[in-house]
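Undergrad: quick one: sequence and predicted model below, then my questions.
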Amino acid sequence: MIYDAKNSMDVFSKDKRSEVMSRIKSKETKCEILLRKTLYNKGIRGYRKNKRIFGFEVDLIFPRKKIAVFCDSDFWHGKKQKMPEENKEYWHQKLLKNKNRDKLANRTLRENGWTVIRLWEKDILKNPYKESDKIIKAIGK
């Protein structure tokens, strides 16, 4: 879909919207930091953060155990059901592309012997100890 300033309900110009969107963090998000602090408090070490494996950016990896952990945002990874009212087709395609990339990452990592854990932002923020237990179980501690 092509941006049409005359028919857009967006309060920003295309350039300004691009600038605003570029400031959305993809690393060091609140849920990632909270999860890492929780793991640290439980004595879990040995992970690396924000590493690229097989072309995919993984939030946490435990290289010795071959465990990849993703902290997925509810909106960007398609769990949040409400789509933006403006430019629905663009957002539908964007979020579908993200979901398909997630499936490909899961498949690629698993085919190469990795355990994949996907945690949702809202679940981490609600109960980080419960979510961190999923990782601890996979590690075998």
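TA: Cool, got the structure.
Undergrad: contact partners for residue 131?
TA: Counting by Cβ atoms under 8 Å, 6 or more residues apart in numbering, residue 131 makes contact with 35, 38, 119, 123-124. Bear in mind the C-beta positions are built from the backbone N, C-alpha and C, glycine included.
Undergrad: pick out the most distant pair among those.
TA: Within the contacts of residue 131, 38 and 123 form the most distant pair, 12.2 Å apart (Cβ to Cβ).
Undergrad: which one of the contacts of residue 131 is nearest to residue 47?
TA: Out of the contacts of residue 131, the member with the shortest distance to residue 47 (by Cβ to Cβ) is residue 35, at 10.2 Å.
Undergrad: what's the neighbour count on the closest one?
TA: Using other Cβ atoms under 10 Å, residue 35 has 23 other residues around it.
Undergrad: okay, and it sits in which element?
TA: According to DSSP states H and E, residue 35 maps onto helix 30-41.
Undergrad: buried residues, that helix. List them.
TA: 31-32, 34-36, 38-39 (16 or more other Cβ atoms under 10 Å).
Undergrad: equivalent analysis for stretch 120-139, please.
TA: Neighbour-count burial for stretch 120-139 [16+ other Cβ under 10 Å]: 120-121, 123-124, 128, 131-132, 135, 138-139.
Undergrad: redo the contacts of residue 131 as JSON lines? Include distance to residue 54 and pLDDT.
TA: Shown next, in JSON lines, are the contacts of residue 131 (distance: Cβ to Cβ, whole Å; pLDDT from 0 to 100):
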{"residue": "35", "distance to residue 54": "22", "pLDDT": "96"}
{"residue": "38", "distance to residue 54": "27", "pLDDT": "96"}
{"residue": "119", "distance to residue 54": "20", "pLDDT": "95"}
{"residue": "123", "distance to residue 54": "26", "pLDDT": "93"}
{"residue": "124", "distance to residue 54": "24", "pLDDT": "94"}
